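Visitor: Take this sequence and fold it.
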Amino acid sequence: YDSEDAYVGLEIKPQGIKAKYCPDYLLKAATKAWDDAVQLGEQHGYRNAQTTVIAPTGTIGLVMDCDTTGVEPDFALVKFKKLSGGGYFKIINQSVPQALKNLGYNETEASAIEKYAVGAASFEGAPFINNETLAAKGFTADEIAKLNGAAKSAFEIGFIFNRFTLGDECMQRLGFKEEQYADWSFNLLEALGFTEDQIDAANDYVCGTMTIEGAPYLKDEHLSVFDCANKCGKKGERYIHAYGHIRMMGACQPFLSGAISKTINLPHEASVEEIADCYMLSWKLGLKANALYRDGSKLSQPLSNKSDKKKKEEDASSDKLQAASEEIPALETGSNIVDLSQLTVDELLDEVQKRMNASTDTKLKRQLSTIVEKKSLPAKRRGFTQKAKIGGQVIFLRTGEYADGTLGEIFIDLAKEGSTLRSFMNCFAIAVSVGLQYGVPLEEFVEKFVFTKFEPSGMVDHPNIKTTTSLVDFVFRALAYEYLGRTDLVHVLDRPTIGNTGEDDGDATLLGKPELSSVRVTAPSANTTPAAQPQKLQRATAAVKAENSGMDAVNAAAKNMQSDAPACNTCGHITIRSGTCYKCLNCGNSMGCS
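Guide: Reported below is the predicted structural model:
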């Protein structure tokens, strides 16, 4: 059953049962089963069927209350099971204490090794961040109890210091505003003044390192006993190579007529070439199937053994710009050569801008576009909804804002369900939102799309925008007015509030009516002669009144002519009545005449 001479014309010989490594009872049972299969096949023929398979997935082992099923190594010593209803629960390998005992470690040593891996699950006695320091920061006894309870199943301690564990009242009492703690990137521990090293030290104590590498008392020669399918925790470096998984399956395959549904785990940094090598080795060993999985390659996976803690945004952007600068050669400016890798972020941006302006191709621009990241909006965001009616078409403009009040997304809805125009406007709004979140300035959109002309257009029942040339024109006029302060794109400015003064004006002084006791009537003196100036003023005032009365008559007549006049269907201006028709004084168009 392991003779290479039995195969004819094969350069790659399938792996057989290694008799010197296989227990006698298993070898006898396997050989008898295959002898019977050959005999029955010769009598009745063979069909493409299978009778035995193995499905030793890690999640099935959990249901069986087993740490591992043998052919499938444990995912990690400490892992987190994702629940279908949301959340996680912590799973610890229960075989570690027994393994340490079998290896000769006493109870004190084994306890220290276990605590190093799984943590104390409590802030009591933790370095830097403990019950005493939290109380000094302003946490109440009930809130500290909540934190200790949540620590038992936490990935990291940073995950439980949030509004959902502590409540908004606690956040506000600690001095934080809603826009701060509502931001998904808000780190309460850092905001309270704890350094990254202090947080890491407390995290290792409370949640554990999730690995035994570096544990006290543990001997290096025993590390291989605890190797798992993946690197354990953030500090772990050891794991079973994919070839080890495949060779284990190759040893089991001769006992089975079917395949082995076992996951071959690959680290997150695995390359395409490594995956190709795994398939090649599987074929050489005669495996009938394999299932490769690279850690973190799916949006959601049932088991996890560490969190991908991101650096601060400014550090990440700085690193990316620095990495980009390594791909950009030195820039010659006159007689000087600028080494971009030695510049600060601001200086680097300036130099890259100069290079882009001087270049005739788009290679550098395309390289830079690969390092630009989308800035997502918070889950709960502010904004406004504006309803307007344009040429009989009702439009709803909705906005979403970042925490600093800048525009991050727009939604455009029309009151015509299922119409082509509505779908196009939805797609247009999505495209604009994506551009805003990737850093395209709103000013660029405004300059490009205002005065765009298509139907519907005309009069608008907006308090500031009275006419528009299209839906898109209205949208960007409104956005420019609300977010950029562009008063040149609206027709009516908001009236200032009564009593409001400008920045350079003094305090307003109310002039009261004079008291009667302070008014004195004096007779003119005999030497005083009447001045001629008041008579001139009276004549001028009379002339103005006469002129105004003439204009009032014209305005009144024009108002009567416009009382029922519609908007011009060409330019959008108000028309006036002309007999039984309406004419536009702006463009000369006539309406209402057959």
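Visitor: Residue 64: neighbour count?
Guide: Neighbour count for residue 64, taken as other CB atoms under 10 Å: 8. The way it works is simple: take the backbone N, C-alpha and C, and place the C-beta from them, glycine included.
Visitor: which stretches of the stretch 251-400 of the chain have low pLDDT?
Guide: Residue ranges of the stretch 251-400 of the chain with pLDDT under 70: 299-343, 345, 359-361, 364-372.
Visitor: That one: strands as residue ranges?
Guide: With DSSP state E, counting those that start in this stretch, the ranges of strands along the stretch 251-400 of the chain come out as 263-266, 291-294, 303-304, 331-333, 336-338, 385-390, 393-401.
Visitor: Nearest to residue 161, out of those?
Guide: Of all these, strand 303-304 sits nearest to residue 161, with 19.8 Å by CB to CB.
Visitor: Which helix or strand contains residue 478?
Guide: Using DSSP states H and E, residue 478 sits in helix 471-483.
Visitor: Tabulate the CA atom coordinates of that helix in PDB.
Guide: What follows is helix 471-483, C-alpha atoms only, in PDB (Å, rounded to 0.1, in the frame of the first residue of the first chain):
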ATOM      1  CA  LEU A 471     -32.200  70.700 -11.100                       C
ATOM      2  CA  VAL A 472     -28.400  70.400 -11.000                       C
ATOM      3  CA  ASP A 473     -28.100  74.200 -11.100                       C
ATOM      4  CA  PHE A 474     -30.400  74.500  -8.200                       C
ATOM      5  CA  VAL A 475     -28.600  71.800  -6.200                       C
ATOM      6  CA  PHE A 476     -25.200  73.400  -6.400                       C
ATOM      7  CA  ARG A 477     -26.600  77.000  -5.900                       C
ATOM      8  CA  ALA A 478     -28.100  75.800  -2.700                       C
ATOM      9  CA  LEU A 479     -24.900  73.900  -1.600                       C
ATOM     10  CA  ALA A 480     -22.700  76.900  -2.500                       C
ATOM     11  CA  TYR A 481     -24.900  79.200  -0.500                       C
ATOM     12  CA  GLU A 482     -25.200  76.900   2.600                       C
ATOM     13  CA  TYR A 483     -21.700  75.600   2.800                       C
END
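Visitor: now it and strand 393-401, what's the angle there?
Guide: Put simply, helix 471-483 runs at 40 degrees to strand 393-401, going by axes from the mean of the first three to the mean of the last three CA atoms, to 10 degrees.
Visitor: could you check the angle strand 385-390 makes with helix 471-483?
Guide: 140 degrees.
Visitor: and helix 471-483, what does it pack onto?
Guide: Judged by 3 or more CB pairs under 8 Å, 6 or more residues apart in numbering; DSSP states H and E, the packing partners of helix 471-483 are strand 385-390, strand 393-401, strand 407-414, helix 442-449.
Visitor: Tell me which helix or strand residue 90 sits in.
Guide: Going by DSSP H and E, residue 90 is in strand 88-92.
Visitor: what lines up beside that strand in the sheet?
Guide: strand 78-82 (antiparallel) (DSSP bridges).
Visitor: Dump the strand it pairs with to PDB, keeping only the CA atoms.
Guide: Only the C-alpha atoms of strand 78-82 are listed here, as PDB (Å, rounded to 0.1, in the frame of the first residue of the first chain):
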ATOM      1  CA  VAL A  78      -7.500  32.500  22.200                       C
ATOM      2  CA  LYS A  79     -10.000  33.400  19.600                       C
ATOM      3  CA  PHE A  80     -13.300  35.300  19.300                       C
ATOM      4  CA  LYS A  81     -16.400  33.700  17.800                       C
ATOM      5  CA  LYS A  82     -18.600  36.100  15.800                       C
END
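Visitor: Stretch 423-430: how far from the chain's middle?
Guide: Relative to the centre of its chain, stretch 423-430 is centred 21 Å away, using CA atoms, centre = their mean, to the nearest Å.
Visitor: Only the buried residues of it, if you could.
Guide: Across stretch 423-430, burial judged by 16 or more other CB atoms under 10 Å covers 425, 428-429.
Visitor: ok, and the closest non-adjacent residue to the residue nearest the centre of the chain?
Guide: Most central in the chain under CA atoms, centre = their mean is residue 376, positioned 3.9 Å from the mean C-alpha point. In space, residue 376 comes closest to residue 437 once its chain neighbours are excluded; the distance is 6.8 Å by CB to CB, 6 or more residues apart in numbering.
Visitor: which residues touch the one you found?
Guide: If you count contacts by CB atoms under 8 Å, 6 or more residues apart in numbering, residue 437 has them with 374-377, 408-409.
Visitor: Please render the residues you listed as CSV that adds distance to residue 589 to the earlier fields.
Guide: Formatted as CSV, the contacts of residue 437 follow (distance: CB to CB, whole Å):
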residue, distance to residue 589
374, 47
375, 47
376, 48
377, 45
408, 41
409, 39
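Visitor: Now list the buried members of those.
Guide: Buried among those (16+ other CB under 10 Å): 377, 408-409.
Visitor: Pick the one among those closest to residue 95.
Guide: Closest to residue 95, out of all of those and judged by CB to CB, is residue 377, at 45.5 Å.
Visitor: Settle this for me: the closest one is touching residue 410, isn't it.
Guide: No - contact between residue 377 and residue 410 fails when scored by CB atoms under 8 Å: they sit 11.6 Å apart.
Visitor: Report the set of residues contacting both of these two.
Guide: With CB under 8 Å, 6+ apart as the test, residue 377 and residue 410 both reach residue 400.
Visitor: Please name the nearest non-neighbouring residue to residue 165.
Guide: Nearest to residue 165 is residue 150, by CB to CB, 6+ apart, at 5.4 Å.
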